[in-house]
Each structure stands twice: as C-alpha cells, then as structure tokens.
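Novice: Sequence below, structure please.
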Amino acid sequence: MPDRRGPVALVGGDELRPGNEPQDEILVGAANGGPAFVLATAAARQRPELAVRNARSWFASLGLEIDELPATRRSDLTAPGNAELARTGRLFYLVGGDPGLVPRMFRASIVWQAVVDAWRDGAALAGSSAGAMALGEWTLIRDRMPGDTVRHYRDALAVVPGIAVVPHFDGFGRRWVDGALSAAPRDDVVLVGVDERSAAVWQGGAWRAFGAGGVTVITRTDRKRFAHGERVAGIPQPAF
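Specialist: Numbers count the residues shown, from 1 in each chain. So this is what the prediction gives:
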C-alpha cells in the first residue's frame, strides 16, 4: 500500500514569524486549504492564548486559516468532540513551551490518536521547540534550576524513534549536547540539533533541512551539519 503519511516538521524555535517561510509553506501546501489546527499544550503554563493568536496571524499571512484545537488541559485531550475535530485536520502545529507537558498530557489520549490517524492519512504534523521535542522518542527535561544545561531523558511520543530533538541549537541548545550524550539511555541515541527559524522536514520518504539555519545530527561518534535544501542523513524514518 502507498505511504499516505503527511510531512513531519521538527522546528528549532522562534516559530510563527518571518524566517520560517520555507518549512511552513510545505505545511500549508500539505494542508491544501483543509482544517488546520494549532495545539498550545506546551504553552499551557504560560500564555497559550498568545501562542494561538500568533499562529492565526502567521498562517493567515501564508494564506491558511488556522484554529485552536483545545489541548491545554487533560480533559481537552479526552473529550470525544475534540477527537472528532482532530480527525478532520490536515495540519497540526504544536507550539513551544514546557518540554515535559506535551508527552505527559498526550500519551494514550483519544485526541492524540486522532491526530496520528489524520497524519497517517496525509495531514502535516509539526512541532516547534518543546513541540518538536515531544515528537521524538525522548524529550530532554531540565535537571534542576532554570538555566541548568544538565538534561535528563523522559519518554516522549516517539513519532520519530531513536531521537531527542535539541532546539534553539544556534543559541543555548548546543550547550546541552555533552550532558545529553553522557546521560543517553542507549548508545544509539541520535540528537537532532535544529537552529531557530529552521527545521528538519520529512516528506516523501526523506529528511531535508529548511530555513535560515541548519540541522545538526549528533551521535556518540559523529556530528554532521546540513544546510537549507540538503538531504539530512542519520535521522530515522517516522515509526507510526
């Protein structure tokens, strides 16, 4: 059977603003005018309404109307009406915020299963910063105080197996690498460092780098950087 899965975009942060056009235009194209949703789960403890407003304004500038899929409370993610809404979606965008919230709230929820079903049927699935981290097999959680570069691994949604996303890689993210490698739960863990306003995008069976920055693929024995338009080697295929 043909692979109907839509694009997957791992965005490095500073999303929903100029500079993100290369990857976001792919998402808009995949949505093809159909229902598009922003999920502000990672921003639930901050200002989720601001994230939603920014998403609406940004995607409108690219010619796509986007609405909020309620996902800031666990009750949102267990509501049958929200799951039915998700099944109609052609684009899902998970914004940044708290790296631990999305996996904890989404896991085993009917809304997440509906998102996955829609993606398998061709919808685009994107996350930025904490939203991108949630799509890997693990998300990296701050060990102690704010600003601490020590990170520990927590199970995420595993859309892309074997990876942990390191967002904001051209800024503070690169400082996580040594600690993340030393704390890795397996020897074959792949760290995917993504610069701000940049993305690793899977489409048509391959990963490519998009945006003003780049994508860096890191293992215990190797590190390779990929610029806009280049095919990215070393990131596993989506698993679902």
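Novice: what does stretch 231-240 contact?
Specialist: 5, 8, 116, 119-120, 158-163, 190, 192, 200, 202, 205-209, 215, 217, 219, 222, 224, 226 (C-beta atoms under 8 Å, 6 or more residues apart in numbering). To be clear about C-beta, it is placed using only N, CA and C from the backbone, and glycine gets the same treatment.
Novice: Give me the distance between stretch 195-211 and the centre of its chain.
Specialist: 11 Å (C-alpha atoms, centre = their mean, to the nearest Å).
Novice: pLDDT averaged over that stretch - what is it?
Specialist: What stretch 195-211 shows for mean pLDDT is 97.
Novice: Can you tell me what sits against it?
Specialist: Stretch 195-211 is contacted from outside by 3, 7-15, 17, 19-20, 22-23, 26, 126, 160, 167-171, 192, 194, 212-215, 226-233, 235, 237-238, using C-beta under 8 Å, 6+ apart.
Novice: Which ones among those residues lie within helices?
Specialist: P22, Q23, I26 (DSSP state H).
Novice: Dump those residues into a markdown table; add neighbour count as well.
Specialist: Below are these laid out as a markdown table (neighbours: other C-beta atoms under 10 Å):
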| residue | neighbour count |
| --- | --- |
| P22 | 18 |
| Q23 | 26 |
| I26 | 20 |
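Novice: ok, the residues you listed vs A183, which is closest?
Specialist: Q23 (29.2 Å; C-beta to C-beta).
Novice: Setting aside sequence neighbours, what's the nearest residue to the closest one?
Specialist: Leaving aside its chain neighbours, Q23 sits nearest to A199 (3.8 Å; criterion: C-beta to C-beta, 6 or more residues apart in numbering).
Novice: and what of A114?
Specialist: Using C-beta to C-beta, 6+ apart, the nearest residue to A114 is A86, at 3.7 Å.
Novice: Okay, buried residues for the strand or helix carrying that neighbour please.
Specialist: For A86, the host element (DSSP states H and E) is helix 80-87. Applying a neighbour-count criterion of 16 or more other C-beta atoms under 10 Å, one finds N82, A83, L85, A86, R87 buried in helix 80-87.
Novice: Show me what the helix or strand just after it pairs with in its sheet, parallel or antiparallel.
Specialist: For helix 80-87, the following helix or strand on the C-terminal side (DSSP H and E) is strand 91-94. Here strand 91-94 has these sheet partners by DSSP bridges: strand 36-39 (parallel), strand 124-128 (parallel).
Novice: need the next SSE after the shortest one, C-terminal direction.
Specialist: Taking DSSP H and E as the definition, the helix or strand that follows strand 36-39 towards the C-terminus is helix 48-61.
Novice: Show me just the buried residues among the contacts of stretch 231-240.
Specialist: Buried among these by 16+ other C-beta under 10 Å: 5, 8, 116, 119, 158-160, 162-163, 190, 192, 200, 202, 207-209, 215, 217, 226.
Novice: quick one: the residue lying closest to E196 once chain neighbours are set aside and I110, what's the gap?
Specialist: Leaving aside its sequence neighbours, E196 sits nearest to D14 (C-beta to C-beta, 6+ apart; 3.9 Å). Distance from D14 to I110, counting by C-beta to C-beta, to the nearest Å: 32 Å.
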